[in-house]
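S.K.: got a sequence here, can you model it:
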Amino acid sequence: KFLVYSSKKLPKDEENWLLDLNLANYLFSADKISLALQVLGLGVDKKAFFSRFGKFLNAKSRVEALSKKLNGDEDEDRYILKMISVAINTQESIESIIWKLFEDEKSGQILQKYDLKEEFFKILKKRYGYNGDSLDDLLYKLLQNHFYTYVDDSKCQLNSDARVFVSNWMDSSKHKESFARLSQKVSKELNITQVLENYSIEKLQECDTYEECEQTVISYLLNALFEENIDIDNILQVVKIRQKSFWYKDYVNIYQAIKNAALLMDFVSKEKFDIKDMADGIKKYAHIWHKADLYYRNYTIQASNAEKIDVLKELSKRIENIYLNGFLRELNDTWQKFVEGYDVSLFGNHQQNFYKRFITPMVEKNKKIFVIISDALRYECGVELSKKILQENRKKDRFSSSCDYLVGSLPSYTQLGMASLLPHKKLAIRDKNDTVFIDEISSAGLQNRDKILKSYDKKSVAIGYEEFLGYERLEGREFAKNHNIIYIYHDEIDKMGEKNEIKTFEAVASTFETLIKIIKQTANFNGVNIFITSDHGFIFTAKPTLESEFCRYESSGAVKTNRRFVIGKNLQSSTCVTLYDAKKIGLESDNLFAIAKSINKIRVQGGGNRFVHGGATLQEIVLPLLKVNIGKGKQEIKEVDVQISPIRHITTNSVNVLFY
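M.R.: Just a heads-up that it's a prediction; the model follows:
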């Protein structure tokens, strides 16, 4: 064995008389670059290239870190990117390197220090078409390229890969915050607000490079809602497009408020509130007209949660007027003519027939029934709740739900509504107060309701929702096993409406969550059949009624006075109220019942006039009846088509492939 030593520089291959020995054996050099190449597992043919980065290879730790990233023989650009990733401590993809350089100013200095900056910008030119050597300029060019892709692609200075880079940056959960910060910085420096004035909404509706794009689109939508002829389809389409925007999450409540405002305005402008008779009015409300209440509720809660509340100030005034005068008053003034002929005997699906019509037949079939009564859950809320239950069904494929309606009792207040849903031969109100008696037993309170239920079926029980939710699984199953009819009482909406009425709609949202918890708890207790209904609905307006708008109604014989009704003897009719006798509303009583006409409110002492009930409006007496069935659950397994997202560049041996 021989060792041939030379202190001279290795000659070119064509001048190297020992080339065959070099190739057949092992060539060793003791200089730092050669030693580094040995650690990296690379041959001397790479020495000329790596000699340019001696400062980088000067540290053993960097060489060892680089060796772990190498995958044998690679092109020079890959070596440079991997050296940069080691130097600034990030992943080796060009995207990760750019993100790190933008987020950390010191990283750019490190590139300069190790003679990697110039090489990196050469790679950027090849990859994105960027012809420059400044990180600040690169940032401007990338963002402007992305911006002009949407508004004027003739001004794009970089290629489509540069646009994809910005899109990936915006989608990155780890780096999207830096995009937001830097985008805002650039937009101010380039005065993007002024630039946006040159482009139409058609150009801007998909652009989300800068937050000012979002604000410009919102301004357009708000202006569109005040135009003479509102293009509802265009407004809804723009809102739908913006849901994919980077900044949408920061304006979601504003957008959803705009959407519901547009739906309400369009609905009220097109709908004719024609009613043939009581049955026709109730049916149309249940099938069509309740949507206006839904749009208004959604608008109100979204506007109150708006990220920039002043933006919707003028729109809120308009929506309040449209809902109150264009819908609520208009509909119920028409309805008033028919509801004056209200008679319990006219309705087979009346609330007072609930137990006999729905519970008794199931008991006769030996079926266990859970009845959830949610105080003041009005019809439109029940419709939305049913949809939310079906959304839960998509997760576990267990729940089915449908929403029908009941006609509520008059007056539409808690005592009477709760009593109507219990089994009874007769309902009565005595002289002294508004307490409703069932077969001579007071129906006030949970204990009395439990007593009434047991008088009709010994295996019945009345329970509050908090106690029901508090049961552990085994305890709850034993509880359910011992009862055939379980009435569960819930009261978040009515309690909040009476306590802090401005938060009524928030209580509705909370109610949805609680009722779904009760359904899931019922499933845990092996329950199958659930009815969800309410004692009464309600009227709500965000704007309080002015003192001058209340109507006066005096009665010396009143035993109960409410903003919406009066119970007592010697009551007189007036322009403010309609009188009903006890027989027509299904009661035994010597009292008369004066119920405010349409949406009128009676002047009484005390605060609270946004949230009211007790009257005869469709919102108060059309009640939801949800039928929920709980199955064992199943999940269909089937073959599906698969598409592979195209990969523009393959730069490593390990490639992530996205399947759709």
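
S.K.: can I get the CA coordinates of the longest helix along the chain in CSV?
M.R.: Residue-count comparison of every helix in the chain, with assignments taken from DSSP state H, identifies helix 504-524 as the longest. What follows is the C-alpha trace of helix 504-524 in CSV, where atoms were taken according to Å, rounded to 0.1, in the frame of the first residue of the first chain:
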residue,chain,number,x,y,z
THR,A,504,-82.4,38.1,24.9
PHE,A,505,-80.9,37.0,21.6
GLU,A,506,-77.7,36.0,23.3
ALA,A,507,-79.9,33.8,25.6
VAL,A,508,-81.4,32.2,22.4
ALA,A,509,-77.9,31.2,21.3
SER,A,510,-77.1,29.8,24.7
THR,A,511,-80.4,27.9,24.7
PHE,A,512,-79.5,26.1,21.5
GLU,A,513,-76.3,24.8,23.1
THR,A,514,-78.1,23.8,26.3
LEU,A,515,-81.0,22.0,24.5
ILE,A,516,-78.5,20.0,22.4
LYS,A,517,-76.7,19.0,25.6
ILE,A,518,-80.0,17.8,27.0
ILE,A,519,-80.6,15.8,23.8
LYS,A,520,-77.2,14.2,24.1
GLN,A,521,-77.8,13.5,27.8
THR,A,522,-81.1,11.8,26.8
ALA,A,523,-79.1,9.7,24.4
ASN,A,524,-76.7,8.7,27.2
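
S.K.: buried ones in it, by neighbour count?
M.R.: Within helix 504-524, the residues that qualify as buried are 504-508, 511-512, 514-516, 518-519, 521-524, counting by 16 or more other C-beta atoms under 10 Å. Any C-beta I mention is one placed from the backbone N, CA and C, and that applies to glycine too.

S.K.: so which of those residues would you say is closest to Tyr79?
M.R.: For Tyr79, the closest of the buried residues of helix 504-524 turns out to be Ile516, at 56.9 Å, with distances computed as C-beta to C-beta.

S.K.: my read is that that closest one contacts Glu392, right?
M.R.: Yes - shown here, Ile516 and Glu392 form a contact pair, counting by C-beta atoms under 8 Å, at 6.0 Å.

S.K.: for this structure, give me the ranges with low pLDDT.
M.R.: Per-residue confidence for the chain (pLDDT under 70) gives these ranges: 395-397, 607, 632-637.

S.K.: which SS class is Phe165?
M.R.: In the three-state summary, Phe165 is assigned as helix, counting by DSSP: H, G, I helix; E, B strand; the rest coil.

S.K.: from Gly608, how far out is it?
M.R.: Separation of Phe165 from Gly608 (C-beta to C-beta, to the nearest Å): 57 Å.

S.K.: swap in Leu27?
M.R.: Noted for Leu27: a distance of 94 Å to Gly608, by C-beta to C-beta.

S.K.: repeat that for Glu15.
M.R.: From Glu15 over to Gly608 (counting by C-beta to C-beta), the distance is 102 Å.

S.K.: same thing with Ser534?
M.R.: Using C-beta to C-beta, one obtains 20 Å as the distance from Ser534 to Gly608.

S.K.: just Lys185 next, same as before
M.R.: Taking C-beta to C-beta as the measure, Lys185 and Gly608 are separated by 49 Å.

S.K.: could you list every residue that touches Gly557?
M.R.: Residues in contact with Gly557, defined by C-beta atoms under 8 Å, 6 or more residues apart in numbering, are 568-571.

S.K.: and these, which of them are buried?
M.R.: Neighbour-count burial (16+ other C-beta under 10 Å) applied to these gives 568, 571.

S.K.: with respect to Ser154, which of the contacts of Gly557 is nearest?
M.R.: In terms of C-beta to C-beta, no member of the contacts of Gly557 lies closer to Ser154 than Leu571, at 77.7 Å.

S.K.: so between Ser534 and Gly608, which is more surrounded?
M.R.: Under the neighbour definition other C-beta atoms under 10 Å, Ser534 and Gly608 were set side by side, and Ser534 has more, 30 against 14.

S.K.: need the contact list for that one.
M.R.: Ser534 touches 373-378, 382, 408, 417, 623-624, counting by C-beta under 8 Å, 6+ apart.

S.K.: save those residues as JSON lines, and put in neighbour count, distance to Tyr248 and secondary structure too.
M.R.: Compiled in JSON lines, the contacts of Ser534 are given as follows (neighbours: other C-beta atoms under 10 Å; distance: C-beta to C-beta, whole Å; DSSP: H, G, I helix; E, B strand; the rest coil):
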{"residue": "Ile373", "neighbour count": "23", "distance to Tyr248": "39", "secondary structure": "strand"}
{"residue": "Ser374", "neighbour count": "29", "distance to Tyr248": "33", "secondary structure": "strand"}
{"residue": "Asp375", "neighbour count": "22", "distance to Tyr248": "36", "secondary structure": "coil"}
{"residue": "Ala376", "neighbour count": "29", "distance to Tyr248": "33", "secondary structure": "coil"}
{"residue": "Leu377", "neighbour count": "30", "distance to Tyr248": "31", "secondary structure": "coil"}
{"residue": "Arg378", "neighbour count": "29", "distance to Tyr248": "31", "secondary structure": "coil"}
{"residue": "Gly382", "neighbour count": "26", "distance to Tyr248": "30", "secondary structure": "helix"}
{"residue": "Gly408", "neighbour count": "29", "distance to Tyr248": "40", "secondary structure": "coil"}
{"residue": "Gly417", "neighbour count": "29", "distance to Tyr248": "41", "secondary structure": "helix"}
{"residue": "Leu623", "neighbour count": "29", "distance to Tyr248": "36", "secondary structure": "strand"}
{"residue": "Pro624", "neighbour count": "25", "distance to Tyr248": "32", "secondary structure": "strand"}
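
S.K.: out of these, who's nearest Ile438?
M.R.: Gly417 (12.9 Å).

S.K.: Asn198: helix or strand, and which one exactly?
M.R.: Per DSSP states H and E, Asn198 falls between elements, in no helix or strand.
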